[in-house]
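**Q** no letters, just coordinates:
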């Protein structure tokens, strides 16, 4: 058998040759195969076949560059099947491709995603990643299904600097907006309210508008799963089922069954075409005196939260999606896990992006030097991001904050209008973060404080 291994010029950046032409050449090459003779042809020195992993293993090499100026991208993630590698300072990578893998995928913090198919007859081209700073709005299970709310959001994306949507794939009450194929979701009632009947079609229409799509998954706050599976529920000190201030139940973050359900949802969202999977409520409840399947110690809490995120990254690797986690803003300042299992180091180790919730109304104790957060929106956002970067040494691009677009509830009940929203956006931009996201639980947004396209 003669094996011709090459790569196509097909990528998200766009190349002139069509898939039909490539497939036709691949079929013609197939006719030249014989039964017992394996010959390797290397095109342009970009694809190298090695025998170190066996007869069918290949080692691919190439380069990842920016679409803006074709400069190399260091520390980009390259994926072939379930194998992952990183680029060096010159944007070059070398990755072992398992047998049967037909595509090399790539992504990088501060950029989008792209891929190159491995097709006979072509050298592996540079994989070109478009720079992007997501600036998004949140839409709930009901918001994404509402024609009025969705169209209003899309109109803002057309007329302002917005370019992204954060969409509930599993919301705060455990509901999923579309007909998921996950059996457990149907069994526990997560599909009892369908607001989007054809999610693949909706995603295609949004991607056609060049919108960066983030799937939000509320993880351990899950009233439906905890009700259907009381054995997974968080317990009170007296042994009853714990309910939070919103009268909602939680599942135990130490239970692997709860992990697997959410990982199935994440995998389904990745397959649907979302660019990023964002885990929210990926923490223990912020309540003392409650019981879990493991001792309620800081070590156990941190290990389970970081363990879940590590499992998510592993599960999602073949899809080449970005992985993000929403965290309390105070974890940038606190030395411990804030009693919820979230630490900077434990979370950042397993995600591409960290999204601290920097709502001034949520900083009820203020921060050093600023005891009235709602009167100092810029400083709350900017100094908290600076604090996180200083403590971790990470690139500012790995931080993309949630900003407040709702009325204050904790201090003077002011409306967060153009001055407050613009101050938060400026604080994020001055820091150099990878964009930002606006949160309004009612999904009611205006162009207040937003810049032009």
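**A** Sure thing, it's come through. Worth saying up front: this structure is predicted, and the values here are computed from it rather than measured.
**Q** leaving out sequence neighbours, find the closest residue to residue 412.
**A** Excluding the flanking residues, the one nearest residue 412 by Cβ to Cβ, 6 or more residues apart in numbering is residue 374, at 6.4 Å. In this view, the C-beta of every residue, glycine as well, is placed from N, C-alpha and C.
**Q** do you know the pLDDT at the one you found?
**A** Note on residue 374: pLDDT of 98.
**Q** all strands of the stretch 301-450 of the chain, in order?
**A** Here the stretch 301-450 of the chain has its strands, by DSSP state E, counting those that start in this stretch, at 322-328, 353-357, 402-404, 436-439.
**Q** mind putting these in a markdown table, mean neighbour count, distance to residue 65 and mean pLDDT included?
**A** As requested, the strands of the stretch 301-450 of the chain are arranged in a markdown table below (neighbours: other Cβ atoms under 10 Å; distance: least, Cβ to Cβ, whole Å; pLDDT from 0 to 100):
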| stretch | mean neighbour count | distance to residue 65 | mean pLDDT |
| --- | --- | --- | --- |
| strand 322-328 | 25 | 19 | 98 |
| strand 353-357 | 23 | 22 | 98 |
| strand 402-404 | 24 | 31 | 98 |
| strand 436-439 | 23 | 26 | 98 |
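**Q** using JSON lines, lay out the ones you listed together with distance to residue 235.
**A** Below are the strands of the stretch 301-450 of the chain laid out as JSON lines (distance: least, Cβ to Cβ, whole Å):
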{"stretch": "strand 322-328", "distance to residue 235": "23"}
{"stretch": "strand 353-357", "distance to residue 235": "27"}
{"stretch": "strand 402-404", "distance to residue 235": "30"}
{"stretch": "strand 436-439", "distance to residue 235": "30"}
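**Q** to residue 392, which of those lies closest?
**A** Closest to residue 392 of the strands of the stretch 301-450 of the chain is strand 353-357 (Cβ to Cβ; 8.9 Å).
**Q** how far does the closest one sit from its chain's centre?
**A** 10 Å (Cα atoms, centre = their mean, to the nearest Å).
**Q** quick check: which helices or strands does it pack against?
**A** Counting contacts by 3 or more Cβ pairs under 8 Å, 6 or more residues apart in numbering; DSSP states H and E, strand 353-357 is packed against strand 276-280, strand 322-328, helix 344-348, helix 377-392, strand 402-404.
**Q** who's in contact with that strand?
**A** For strand 353-357, the surrounding residues in contact (Cβ atoms under 8 Å, 6 or more residues apart in numbering) are 109, 276, 278, 322-329, 331-332, 344, 347-348, 384-385, 388, 398-402, 434, 437, 439.
**Q** stretch 180-198 too?
**A** Under the criterion Cβ under 8 Å, 6+ apart, residues 141-142, 144-146, 170, 174-179, 202, 224-225, 227-229, 261, 264-265, 268 lie in contact with stretch 180-198.
**Q** wait, which of the helices and strands packed on strand 353-357 is closest to residue 296?
**A** Nearest to residue 296, of the helices and strands packed on strand 353-357 and by Cβ to Cβ, is helix 344-348 at 16.4 Å.
**Q** from residue 327, how far out is residue 309?
**A** 11 Å (Cβ to Cβ, to the nearest Å).
**Q** residue 257 in helix, strand or coil?
**A** Of the three states, residue 257 takes helix according to DSSP: H, G, I helix; E, B strand; the rest coil.
**Q** residue 228 is in contact with that one, correct?
**A** No. Applying Cβ atoms under 8 Å, one finds residue 257 not in contact with residue 228, separated by 11.3 Å.
**Q** more crowded one of those two?
**A** Neighbours per residue, other Cβ atoms under 10 Å: of residue 257 and residue 228, the larger number sits with residue 228, 16 against 13.
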